[in-house]
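J.: 3D, please:
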Amino acid sequence: MYDLSVIANSTEDQIYTEGFSRHYFNQFVSDKLDPNRTIPDVRHKLCKNRDYPVFKLPTVTVVICFLNEAFSALIRTIHSVINRTPSELLKEIIIIDDFSSFEDLKGHLGTHLKIKYYKKVILLRNPVRKGLIMSRIIGSRHATAEVLVFLDSHCEVNTGWIEPLLDRIVLNRKTVVAPIVDSVDAYTMVYDSVPVLVGGFKWNLFFRWDPIPVKIRKMLSDLSQPIKSPTISGGLFAIDKEYFKELGEYDPKLKIWGGENMEISFKVWQCGGKIEIVPCSRVGHIYRQVQPNNDKNDVNIKRNLLRVAHTWMDEYQQYVYDARPNLEGVEYGDITERVTLRNRLRCQSFSWYLKTIFPEQVRQFSDSHRFVHFTDIVQTRIGTYCSEGF
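T.: Numbering: from 1, shown residues only. Predicted coordinates for the structure are as follows:
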């Protein structure tokens with residue numbers, strides 16, 4: 001097979017360099033790929049034998065937000081959803097342009113989507129930049145299906161990806177489900193499977209991937225079974241639309257992006273729902289070595305993290321300050337409405353969450369009464385956050 005990454009001349013080298021500096025992945029190769037390319041089916045063998053009757057499953061709206069995304073990556077994401085989602089289940093794909101400046105997204109994209117193939121694709125454009133969080137809220141409010149699926153704009157869904165997710169929501173509408181997020185190599189665009197991991201977090205409130213706790217692993221008959229996860233990465237998950245509303249959507253005062261995955265994770269668990277990783281669902285994601293618009297010291301991110309901590313973490317908010325001293329003095333705004341929501345939903349304490357849902361996160365030293373990480377972060381070839389484009 002011809003190596004698509006081969007650079008033949010100085011013109012191609014310039015295209016490669018400019019594309020990489022713009023997107024932090026190999027746009028040169030991405031642009032050469034067939035938008036309908038075949039990717040390997042990396043599901044567990046037991047997954048391939050499971051039957052999910054389509055007529056028993058709810059319909060889906062896929063919401064994809066983007067900001068200055070590579071045109072080829074965005075189109076490949078859309079094609080994968082159309083090609084690998086049963087038409088009876090796919091109500092629509094809503095894509096939200098968060099005020100992109102690239103010419104091909106401002107003009108050509110709208111014309112391109114008029115092709116009959118894209119009849120289920122709805123393009124919304126923000127008149128100013130609103131950020132990932134508000135863009136997703138906008139998309140969810142336009143959705144007409146029963147279930148929302150949020151995807152990043154540089155993904156490729158795999159064979160049979162949606163049915164296992166919907167099956168879990170049918171069993172319990174308060175279940176928020178995420179696929180295994182496989183790796184699409186930023187340099188070669190090669191799709192590769194990753195281990196089954198669960199979501200965790202550091203005390204600075206940034207997401208991390210953790211190994212499956214031994215206690216939970218012993219309870220599984222095999223690694224194709226859904227696994228409870230303390231958190232989700234945020235970039236790729238499915239949730240019942242009405243349940244999303246009942247939870248107050250995302251906190252609308254969270255700005256741009258950052259911390260929204262912790263907010264939804266804590267809120268779901270503490271307010272009577274649950275989060276699962278579903279290994280029979282696989283979605284590839286381009287993990288970039290450097291992530292555009294991803295400054296973890298950004299004032300919006302600091303503010304967002306503090307809103308989450310003060311709303312959901314009770315006395316444990318102090319550990320966030322201890323982990324990030326630069327948060328001292330940062331204004332996080334009025335959280336009265338969020339606290340009222342928490343009280344109305346009769347949510348559990350953060351202490352309950354740590355004890356019941358995530359005991360692996362901490363251990364208590366009797367001499368200091370301080371908490372430290374109990375599980376080591378698993379260093380893999382996958383990234384730590386799935387919404388870095390914002």
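J.: for residue 301, give me its contacts.
T.: 256-259, 295 (CB atoms under 8 Å, 6 or more residues apart in numbering). In this view, the C-beta of every residue, glycine as well, is placed from N, C-alpha and C.
J.: residues in contact with residue 269?
T.: Residue 269 neighbours (CB under 8 Å, 6+ apart): 230, 275, 348, 353, 357.
J.: any idea how far residue 351 is from the last one?
T.: Using CB to CB, to the nearest Å, one gets 11 Å for the distance from residue 357 to residue 351.
J.: of these two, who's got more company?
T.: Using other CB atoms under 10 Å as the criterion, residue 357 and residue 351 rank with residue 357 on top: 21 against 12.
J.: test my guess that residue 29 contacts residue 188.
T.: Yes - contact status for residue 29 versus residue 188: in contact at 6.7 Å, counting by CB atoms under 8 Å.
J.: more neighbours: which of those two?
T.: A count of neighbours by other CB under 10 Å puts residue 29 above the other of residue 29 and residue 188, at 21 against 14.
J.: and the next helix or strand past the helix or strand containing the more buried one?
T.: Take DSSP states H and E as the rule and residue 29 turns out to sit in helix 27-30. As assigned by DSSP H and E, the chain's next helix or strand after helix 27-30 is strand 60-66.
J.: touching that following strand from outside, list them.
T.: 74, 77-78, 81, 85, 89-98, 100, 105, 132, 135-136, 139-140, 143-153, 162, 166, 238, 241, 389-390.
J.: now with 6 Å, please.
T.: Residues from elsewhere that reach strand 60-66 (CB atoms under 6 Å, 6 or more residues apart in numbering): 74, 81, 89-96, 98, 132, 135-136, 139, 143, 145, 147-151, 153.
J.: and stretch 316-334, by the same measure?
T.: 203-205, 253, 302-303, 306-307, 309-310, 350.
J.: run the chain-centre distance for that stretch.
T.: With CA atoms, centre = their mean, to the nearest Å as the basis, stretch 316-334 stands 24 Å off its chain's centre.
J.: which SS state does residue 183 fall under?
T.: Assigned by DSSP: H, G, I helix; E, B strand; the rest coil, the conformation of residue 183 is strand.
J.: nearest residue to it other than its sequence neighbours?
T.: residue 192 (4.9 Å; CB to CB, 6 or more residues apart in numbering).
J.: which stretches of the stretch 251-390 of the chain have low pLDDT?
T.: Along the stretch 251-390 of the chain, the model assigns pLDDT under 70 to residues 289-297, 362-390.
J.: can you tell me which strand in this structure is longest?
T.: Longest strand in the chain, counting residues (DSSP state E): strand 274-287.
J.: what's it packed up against?
T.: Here strand 274-287 touches strand 155-157, helix 162-171, strand 175-185, going by 3 or more CB pairs under 6 Å, 6 or more residues apart in numbering; DSSP states H and E.
J.: for those, give me JSON lines that also has mean pLDDT, distance to residue 287 and mean neighbour count.
T.: Rendered in JSON lines, the data for these read as follows (pLDDT from 0 to 100; distance: least, CB to CB, whole Å; neighbours: other CB atoms under 10 Å):
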{"stretch": "strand 155-157", "mean pLDDT": "98", "distance to residue 287": "11", "mean neighbour count": "26"}
{"stretch": "helix 162-171", "mean pLDDT": "98", "distance to residue 287": "21", "mean neighbour count": "21"}
{"stretch": "strand 175-185", "mean pLDDT": "97", "distance to residue 287": "6", "mean neighbour count": "23"}
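J.: now render these as TSV, adding distance to residue 331.
T.: What follows is these, written out as TSV (distance: least, CB to CB, whole Å):
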stretch	distance to residue 331
strand 155-157	35
helix 162-171	37
strand 175-185	30
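J.: closest one to residue 225 among these?
T.: Taking CB to CB, helix 162-171 is the member of those nearest to residue 225, at 10.5 Å.
J.: now that closest one against strand 274-287, angle please.
T.: 160 degrees (axes from the mean of the first three to the mean of the last three CA atoms, to 10 degrees).
J.: list the contacts of helix 162-171.
T.: For helix 162-171, using CB under 6 Å, 6+ apart, the contacting residues are 52, 57-58, 85, 147, 175, 177, 226, 238, 240, 276, 278, 280-281.
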